[in-house]
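Peer 1: predicted model, plus sequence, below.
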Amino acid sequence: MPSKQNVASSNLVSRSNFFKYLQLEWDKYLNQFENFAVIDIGSNSVALSIFRSSSKSKKTLNNIHSKKIYFGLQNYVNSSKDEKLHAIIKLMDIVMGMKKISKEYHARLKIIATSAMREVSKELDLKNIFLELTRTEIKILSSKQEGYYSFSGAIEKIKPKKGILLFDLGGGSLETGIFDNKKIKDIESIILGSLQLKIKFFSKDKYTSLEIENCRKYIKGKLEKFYKYDSYNKIIGIGGTVRNLGKIKIPNEKKQSSKNNLEITKLGLEKIIKMISKYDKHKLSNMKGLNPNRSDTILPGLLVVSEIMTKSKAKKLQISSNGLREGYMLRSNIDIPYF
């Protein structure tokens, strides 16, 4: 008959083997996946998204961590070279913090940048500055690449069945394109962003009817000059302003979408614009559903959306929760048209 000491020793060995087995199985499970991180330096904010995907295929991405910091690089586009450089150095602190987070997730990191960085890079050698200070390459997307990746992310989520107009409204630019016959085509870009318009037209604590009228005229003029749309019953919108729109309660409407208004009518949009235009900045920053960091830019952004819907004769706007970062992860390692 085995002694108590031998039995105890045997149990410890069995328990040890069991935990080793669990660890091996856990490692085997984790090896099925890869983590990918994207830092997106936009005109209004810097965003980090960490995705987990099967190592066999990158077609299915699950967002496992997100972080966004509002920086407002667009504010420095027309500044002196020294002020631009100072802004980029401050921006580096944000990027390095996000890089540290991506390392904690053992994620393969890519850094991309859009409109404001395109403008700043005309004066500063940003690629070399980033490589030297972060030891990571930065990809400054062309306007058409930005549109392609944004629209790819939206299409993957929404899966439209017929020809449809898409637009991506950022802080510094607007991209539009058509999805038809399973292809993205006719990508256009214009310097027409929510933060850019705020800087140009809205300086007071409270909106005035003259500011709104002048801003609308400016938007109409830009759209008339650059875009020739067909008519669409419904269009797809991408970007932070558009996503935040879906979280704002439409005045005097009892029925609202259970999915954060992922679809909104033109009439509903105009009601929200009318409501917001009456608020001062303090009241806006406390408005239910509105991200306080967007209180300065929400109205100019929604005026752009309104004019796009008017021009395309769209009755409904479908809001995409996916955009640039998702599209970049899905398409960046796949052959895409040269822009």
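Peer 2: The structure has been received and is ready for your questions.

Peer 1: surely Glu119 and Val77 touch.
Peer 2: Yes. Here Glu119 reaches Val77: they are 4.6 Å apart, a contact under CB atoms under 8 Å. C-betas here are computed from N, CA, C, even on glycine.

Peer 1: more neighbours, these two?
Peer 2: Relative neighbour count places Val77 above the other of Glu119 and Val77, with 22 against 19, counting by other CB atoms under 10 Å.

Peer 1: so what's the more buried one up against?
Peer 2: Neighbouring residues of Val77 by CB atoms under 8 Å, 6 or more residues apart in numbering: 116, 119-120, 172, 196.

Peer 1: now it: how far from Lys281?
Peer 2: Using CB to CB, to the nearest Å, one gets 22 Å for the distance from Val77 to Lys281.

Peer 1: low pLDDT regions in the stretch 51-200 of the chain?
Peer 2: Counting by pLDDT under 70, the stretch 51-200 of the chain has low-confidence residues at 54-59.

Peer 1: centre of the chain to stretch 160-170, how far?
Peer 2: Its chain's average C-alpha position is 15 Å from that of stretch 160-170, according to CA atoms, centre = their mean, to the nearest Å.

Peer 1: quote the end-to-end distance of that stretch.
Peer 2: Taking CA to CA, to the nearest Å, stretch 160-170 runs 22 Å from one end to the other.

Peer 1: same question for stretch 172-190.
Peer 2: Here stretch 172-190 reaches across 9 Å from its first residue to its last, counting by CA to CA.

Peer 1: list the buried residues of that stretch.
Peer 2: Neighbour counts over stretch 172-190 (16 or more other CB atoms under 10 Å) mark 172-179, 184, 187-190 as buried.

Peer 1: is Tyr207 in contact with Ser277, as I believe?
Peer 2: Yes. Taking CB under 8 Å as the contact criterion, Tyr207 and Ser277 are neighbours in contact, 5.1 Å apart.

Peer 1: got the domain ranges for this protein?
Peer 2: 1-29, 33-139, 143-325 (automatic domain parsing).

Peer 1: hey, what's in contact with both of Glu119 and Val77?
Peer 2: Shared contacts of Glu119 and Val77 (CB under 8 Å, 6+ apart): Gly172.

Peer 1: about what we covered before: closest one to Ile238 out of the buried residues of stretch 172-190, please.
Peer 2: Nearest to Ile238 among the buried residues of stretch 172-190: Glu175, at 8.5 Å, using CB to CB.

Peer 1: look up how far Asp168 lies from the closest one.
Peer 2: With distances taken as CB to CB, Glu175 is found 5 Å from Asp168.

Peer 1: what touches both of those two?
Peer 2: 146-147, 150-151.

Peer 1: got a winner among those for most neighbours?
Peer 2: For the shared contacts of Glu175 and Asp168, the largest number of neighbours (other CB under 10 Å) sits with Ser150, at 31 neighbours.

Peer 1: hmm, Lys157 is touching Ser320, no?
Peer 2: Yes. Proximity of Lys157 to Ser320 meets the contact threshold set by CB under 8 Å, at 5.7 Å.

Peer 1: the two: who's more crowded?
Peer 2: Neighbours were counted for Lys157 and for Ser320 using other CB under 10 Å; Ser320 has more, 24 against 15.

Peer 1: nearest residue to the more buried one in space, please, no chain neighbours.
Peer 2: Once its chain neighbours are removed from consideration, Ser320 has its nearest residue in Ala154; the separation is 3.8 Å (CB to CB, 6 or more residues apart in numbering).

Peer 1: count residues in the vicinity of the one you found, would you?
Peer 2: Burial of Ala154 is recorded as 31 neighbouring residues (other CB under 10 Å).

Peer 1: confirm it sits in a strand?
Peer 2: No. Judged by DSSP: H, G, I helix; E, B strand; the rest coil, Ala154 forms no part of a strand; its state is helix.

Peer 1: next up, the contacts around it.
Peer 2: The neighbourhood of Ala154, defined by CB under 8 Å, 6+ apart, consists of 166, 236, 238, 320, 322-323, 327.

Peer 1: Arg294: how many residues sit nearby?
Peer 2: Using other CB under 10 Å, Arg294 is surrounded by 23 other residues.

Peer 1: can I get the domains of the chain in JSON lines with distance to Arg331?
Peer 2: Rendered in JSON lines, the data for those read as follows (distance: least, CB to CB, whole Å):
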{"stretch": "domain 1-29", "distance to Arg331": "27"}
{"stretch": "domain 33-139", "distance to Arg331": "10"}
{"stretch": "domain 143-325", "distance to Arg331": "5"}
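
Peer 1: which strands and helices sit next to the helix or strand where Glu211 lies?
Peer 2: Using DSSP states H and E, Glu211 sits within helix 209-226. Taking 3 or more CB pairs under 8 Å, 6 or more residues apart in numbering; DSSP states H and E as the contact definition, the neighbouring helices and strands of helix 209-226 are strand 183-190, helix 194-201, helix 298-312.

Peer 1: compile these into TSV and extend it with columns for distance to Gly72.
Peer 2: Compiled in TSV, the helices and strands packed on helix 209-226 are given as follows (distance: least, CB to CB, whole Å):
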stretch	distance to Gly72
strand 183-190	20
helix 194-201	6
helix 298-312	14
